[in-house]
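quick one, structure for this:
(chains A and B)
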Amino acid sequence: MGRWPTAVRYVLLFLGALIFLFPFYYMLIGSLQAAPDTSVRGAFPTSGLTLDNYRDINSRVDLLRSLVNSGIFTGGVLLGTVVFGVLAGYALARLRFRGRGTLFVLVLLVQVIPFQLLLIPLYVLIVRGYGLADSYLGMILPFAINTTAVFVFRQFFLQLPDELFAAARLDGAGELRILWSVALPLVRPALLTALLLTFIGPWNEFLWPFLVTKNADMQPLAVSLANYISNVSARAANPFGAILAGACVLAAPAVALFVAFQRQFISTDLGSGVKG
Amino acid sequence: MRALLGRHPVGLVLAAPYALYLAVIFAYPFGFAVWMSFHDYFFAAPGAIVDHPFVGLDNYRAVLSDPAVRQAFENIGVFLVINVPLTTGLAIVLAVALNQAVHARTFLRVSFYVPYVTASVAVVGVWLFLFTSGGLVNSVLGPLAPDPSWLVNEHLAMPVIALFVTWKQLGFFILLYLAALQNVPKELYESASVDGANGWHRFWSVTVPAVRPATALVVILALITGANLFTEPYLLTGGGGPNGSSASPVLVMYQRGIQQGEPDFAAALGVLLVIGVLFVAYVNRRFIEGKD
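From the prediction side, this is the model:
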């Protein structure tokens, strides 16, 4: 392998890591300061930290309610993606049925259609046509089955050896049983990676739920926090403190999950899915 | 029966929900968007029967002659000129360094990926705090701080957004390059060393060409990110200010289509945006991926 001087490499990497992590550190510190201290010394406070900002944002935005909404939205997307995505991915990879080729072409095509083109018609259809504004179904619908995930699931199932399926079929197992007890256990680690990547999509999604929900009781945290940032914060006593407290609450679940499962983000797994 | 449905008819049942979903959520809205862009479409009271007459290219003419649209596309141009080279350059250099690092690998990897897994809305909060006129960045810069400050400065708002998105997405692109680096044959480096190539030489003559397919993918994905830009101008610069200097096409789509009730205009803008993305993606494919 080509090698740079070790010292240069590590200086570069740690400098980069510092730039990447500092905003997160500063988010936490800012959320704990009673009054914003934007001097350099303020970034390393030794006293005067408080949880008031969390109380403040919670009085403007019902944090628990918003988190529950985020959870239902994300859970719905994950459920649809995994159940229907695994079924479709398995069928596309291992079953020969009429229309399989057409469906696969559609899968590839959908990955090319960007969301911007669908934004307006989906808004017109879902919000105005079907009356699904301020509903979980309306939020979930455009993301209910993630096409990239279907594609990745198909790749997983394609990598399994043919003999396995032939043997199971000889033993008289039905396709659902083969999928459940033979194929799924073998792709479990890859499945977890796909799940984690799918999780951050709806959890962090802003634009669509922002369009669908006007009722504060239905808004996921990303939307309520954004509305707070753009409408309310200017009038608050310590606006940045409250924003940063909300930001910490929104960031924590995704970051915690990611750090806990970071081993699952094996680059080659993801690469094989993306390269297709 | 087998001839009609294929060898495993059960596949039809398993794939049916997904096929139906594609029809309802992609195919139909896609057709509807194109239809809407050629008609006079407006929001009517629920249940009211209204005509949506065919207007030919009127909506497209309105989009193309709108100064706000032109500015939004120029803004995206500025965004891409900063974001794409910075993203590809930093991602490839950091991926190579990360790939060769032995110590603290987990810590380093996690640091680079964390912004990518975090919600834009959350990290926008801290960037607002950092780049506000009395913020930490200006405290550090002292008299060098720009006036007007970053996010309310016509010339700096878009570059700050481009930097934000680069920082936010870089982890994902590093991941793609790390995957690509696994597939570079070690013999290439060995023969380059035998030929007396030093580190930089090997980087330019072995690594960069070897990961070219990944570079093509990174450029296309960065481009799509740029075309989809909404959250950052909406929140960081208070709806695309100052004077629309940080508005993006999707932001204009939202303002015109939903806030101002002209979905036909927004649909035409969406179609043009997608044609633009496909064109640039095609050019990118021809020039970066090349024909090997």
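
who's in contact with the helix or strand hosting B:Ala3?
Using DSSP states H and E, B:Ala3 sits within helix B:2-5. Here helix B:2-5 makes contact (C-beta atoms under 8 Å, 6 or more residues apart in numbering or on different chains) with A:97-98, B:9, B:12. (Glycine included, C-beta is placed from N, CA and C.)

distance between it and the chain's centre?
Helix B:2-5 has its average C-alpha position 43 Å from the chain's average C-alpha position, going by C-alpha atoms, centre = their mean, to the nearest Å.

please export the C-alpha coordinates of it as CSV.
Extracted as CSV, the C-alpha positions of helix B:2-5 are listed here (Å, rounded to 0.1, in the frame of the first residue of the first chain):
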residue,chain,number,x,y,z
ARG,B,2,-46.6,-22.4,-15.2
ALA,B,3,-46.2,-20.9,-18.7
LEU,B,4,-48.6,-18.1,-17.7
LEU,B,5,-47.3,-17.2,-14.3
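
let me see the mean pLDDT of that helix.
For helix B:2-5, the per-residue pLDDT values average out at 76.

where does the stretch 1-150 of chain B dip in pLDDT?
Along the stretch 1-150 of chain B, the parts satisfying pLDDT under 70 run over B:1, B:46-47.

CA atoms only for stretch B:10-30, dumped as CSV, please.
Extracted as CSV, the C-alpha positions of stretch B:10-30 are listed here (Å, rounded to 0.1, in the frame of the first residue of the first chain):
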residue,chain,number,x,y,z
VAL,B,10,-45.8,-17.3,-5.3
GLY,B,11,-43.3,-14.6,-6.3
LEU,B,12,-46.2,-12.6,-7.7
VAL,B,13,-47.9,-12.6,-4.3
LEU,B,14,-44.7,-11.7,-2.4
ALA,B,15,-43.8,-8.8,-4.8
ALA,B,16,-47.4,-7.5,-5.3
PRO,B,17,-47.5,-5.1,-2.3
TYR,B,18,-44.3,-3.5,-3.5
ALA,B,19,-45.4,-3.3,-7.1
LEU,B,20,-48.7,-1.7,-6.1
TYR,B,21,-46.7,0.8,-3.9
LEU,B,22,-44.6,1.8,-6.9
ALA,B,23,-47.7,2.3,-9.0
VAL,B,24,-49.4,4.5,-6.4
ILE,B,25,-46.5,6.4,-4.9
PHE,B,26,-44.2,6.8,-7.9
ALA,B,27,-45.7,6.0,-11.3
TYR,B,28,-49.0,7.8,-10.8
PRO,B,29,-47.6,11.0,-9.1
PHE,B,30,-44.8,11.1,-11.8
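
check which residues of it are buried.
Buried residues in stretch B:10-30, defined by neighbour count with 16 or more other C-beta atoms under 10 Å in any protein chain shown: B:11-12, B:14-19, B:21-22, B:25-27, B:29-30.

distance of the residue in chain B that chain A sits nearest to from B:Asn99?
Using C-beta to the nearest C-beta, the single residue of chain B nearest to chain A is B:Ala179, 2.5 Å away. From B:Ala179 over to B:Asn99 the distance is 10 Å, taken as C-beta to C-beta, to the nearest Å.

got a list of what the residue most central in space within chain B touches?
A centroid search over chain B (C-alpha atoms, centre = their mean) returns B:Thr225, at 0.6 Å, as the residue closest to the centre. Contacts here follow C-beta under 8 Å, 6+ apart; on that basis B:Thr225 touches B:83, B:165, B:169.

which helix is the longest one in chain B?
Scanning chain B for the longest helix, with DSSP state H as the assignment, gives helix B:67-100.

the helix holding B:Ala3: which residues count as buried?
Of the residues in helix B:2-5, none is buried (16+ other C-beta under 10 Å).

packing partners for whichever helix or strand comes after it?
Where DSSP H and E defines the elements, the next helix or strand beyond helix B:2-5 is helix B:10-22. With contacts taken as 3 or more C-beta pairs under 8 Å, 6 or more residues apart in numbering or on different chains; DSSP states H and E, helix B:10-22 sits against helix A:63-94, helix A:100-112, helix A:175-178.

make a markdown table from the ones you listed and add mean neighbour count, mean pLDDT and distance to chain B to it.
Output for the helices and strands packed on helix B:10-22, formatted as a markdown table (neighbours: other C-beta atoms under 10 Å in any protein chain shown; pLDDT from 0 to 100; distance: least, C-beta to the nearest C-beta, whole Å):
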| stretch | mean neighbour count | mean pLDDT | distance to chain B |
| --- | --- | --- | --- |
| helix A:63-94 | 21 | 95 | 4 |
| helix A:100-112 | 15 | 87 | 5 |
| helix A:175-178 | 16 | 91 | 5 |
